[in-house]
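Chemist: pasted the sequence and its predicted model underneath.
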Amino acid sequence: MIGTTSSRLVAAEAAELRFEAQTRAQAPILLCPLFAALGVLPWLSDQLDPLRICVSALVLSLSVAIGLRCRPRKSRITLRPESRLLEADGVKHTLPPASRFSLELCHDDTEAPQGCYVVFLELGAGQRFALLRAAEPDALLRDLRQVLEHFPERVDCSWGLPAQAEPWVFDPPSADTHEVEPGTTLVDQRLAPLDLVRVVVAATIFVLFDLTFLVTSQQARLTRVHPLGVALPIVMGCSLVVLALSLVYRRVYLVAASRIQSETGALGLRWGQRSVRLERVRGVYLIGAEQAARQHLLLDTSDGPLAVSLERRGADAVAREVRRAIEQRNRGRLPSLESITSAPHTLPGA
C-alpha cells in the first residue's frame, strides 16, 4: 500500500471486517488545470480553424489522462475472521493460525511534520497487510479496538510504550453528554510550523503590497475597469489573508477539569472536541517517529485513548507537566501551567 495516506475501518461485523484505504494524488495532477486552460483558449478566438480544434482536443485529452492516472484512489481490504480469509485487491489470502497485529510508526518526506501510525496484520514469511493507517494515534487505536472485538489476535506495539501499556484495551462510556466546564489549560500550541507561518505571512504582505501598488499606479490612466479586474484582486487578497490568519491562530488545546478535553481552534472557533474522565487516566506517553518534527502526547485511559500533537522541541517538558497536573488534580488541586515544575512524579508512563 505504497503512497497510502489513510486506511480506516468502515464496517465491523462478526463475519466480516471491511477496511478502506485512500492513496494520495501524484504531483503531475497539478498540471491538469494548466492544460485545461490551454485547451479552452483556442475556443475564445474569433477564427476557429480545424488545426486549433485539434490542438484544443489534444491538450484537453492530455489533461483528462493525467487526472485519471494521478488522481487519488481507493482500495478495499476485507477480513473474514470465521473463515480466516483476507481479500485485498481481488486476491484472497488464507490467514495462518499464528497471525498477529503489529503497531508501527511510519514517516517520510510526504508525511511531514508528524508521520503516521500503522497497524499491520502479519501473516508470516514476510507477508503483511496495512489494515489501519492514520495521522492521529487515538483514532487508529479506537478502530483497532473494534477489530479486536471480532478478531482477537496478539498485538505487538513498536511505539516505544512500556510493556504493560495497552491503550487499545478500554471500555468507552455508552454516552458522553457532559457539560463543558472551565478548567486549567495544560497544552496551548500552534499547529503550523513557525517557518511556514513566516513564509505565508511574508508572501501575503508582499502580494497585498503589489496589488495595492498596481491599482494606485494605474488608476489615473484607466478610463474603464472591468468588474472582474476589481473582483479578482479582492478575492485573491482576502483568500491570502484568511489563509495567513488560519495558520497563525490555528492551535491545539488540552484542558483539564473533572475531565481532560482536547480541541482544535482557529479565529475564535473550536472543533474536534474529545474528552475523557481525568480519574480514568492510566498513563501519559510521548510517541512519534524520530524523523518527524512533531510528536503526540498520548493519554491512555480506560475511557479510550486521547492524543494531542506537540512540537518535538519541549515535548518532554510538556509531558512531565501534564503528568504532574493530573496527579495533583486527582489529589484535589490542579495548579496553573506556569506553576508546574519538572519535579518527580509517580503517574504511570513516566
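Modeler: Cool, the structure landed.

Chemist: just so I have it, where are all the strands in the stretch 151-300 of the chain?
Modeler: Per DSSP state E, counting those that start in this stretch, the stretch 151-300 of the chain carries strands over the ranges 154-157, 184-190, 251-256, 259-266, 269-277, 281-287, 294-301.

Chemist: out of these, which is the most enclosed?
Modeler: Highest mean neighbour count among the strands of the stretch 151-300 of the chain (mean count of other CB atoms under 10 Å): strand 294-301, with a mean of 25. Any C-beta I mention is one placed from the backbone N, CA and C, and that applies to glycine too.

Chemist: give me the sheet partners of that one and which way each runs.
Modeler: The pairing partners recorded for strand 294-301 under DSSP bridges are strand 281-287 (antiparallel), strand 306-311 (antiparallel).

Chemist: these: which one's closest to residue 15?
Modeler: Residue 15 lies closest to strand 306-311 among these, at 31.4 Å (CB to CB).

Chemist: right, and the helix or strand after the closest one?
Modeler: On the C-terminal side of strand 306-311, the nearest following helix or strand under DSSP states H and E is helix 315-330.

Chemist: quick one: buried residues of that following helix?
Modeler: 315, 318, 319, 320, 321, 322, 323, 324, 325, 326, 328, 329 (16 or more other CB atoms under 10 Å).

Chemist: now tabulate the strands of the stretch 151-300 of the chain in a markdown table and tack on distance to residue 50.
Modeler: Listed next are the strands of the stretch 151-300 of the chain as a markdown table, based on distance: least, CB to CB, whole Å:
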| stretch | distance to residue 50 |
| --- | --- |
| strand 154-157 | 66 |
| strand 184-190 | 57 |
| strand 251-256 | 58 |
| strand 259-266 | 53 |
| strand 269-277 | 54 |
| strand 281-287 | 63 |
| strand 294-301 | 56 |
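
Chemist: who does the helix or strand of the chain with the lowest mean pLDDT touch, helix- and strand-wise?
Modeler: Every helix and strand of the chain was ranked by mean pLDDT, DSSP states H and E. The lowest is strand 269-277, at a mean of 78. Applying 3 or more CB pairs under 8 Å, 6 or more residues apart in numbering; DSSP states H and E, we find strand 269-277 packed against strand 259-266, strand 294-301, strand 306-311.

Chemist: how far off centre is the last one?
Modeler: So the one you mean is strand 306-311. Relative to the centre of its chain, strand 306-311 is centred 11 Å away, using CA atoms, centre = their mean, to the nearest Å.

Chemist: with the first one instead?
Modeler: Relative to the mean C-alpha coordinate of its chain, strand 259-266 is positioned 15 Å out (CA atoms, centre = their mean).
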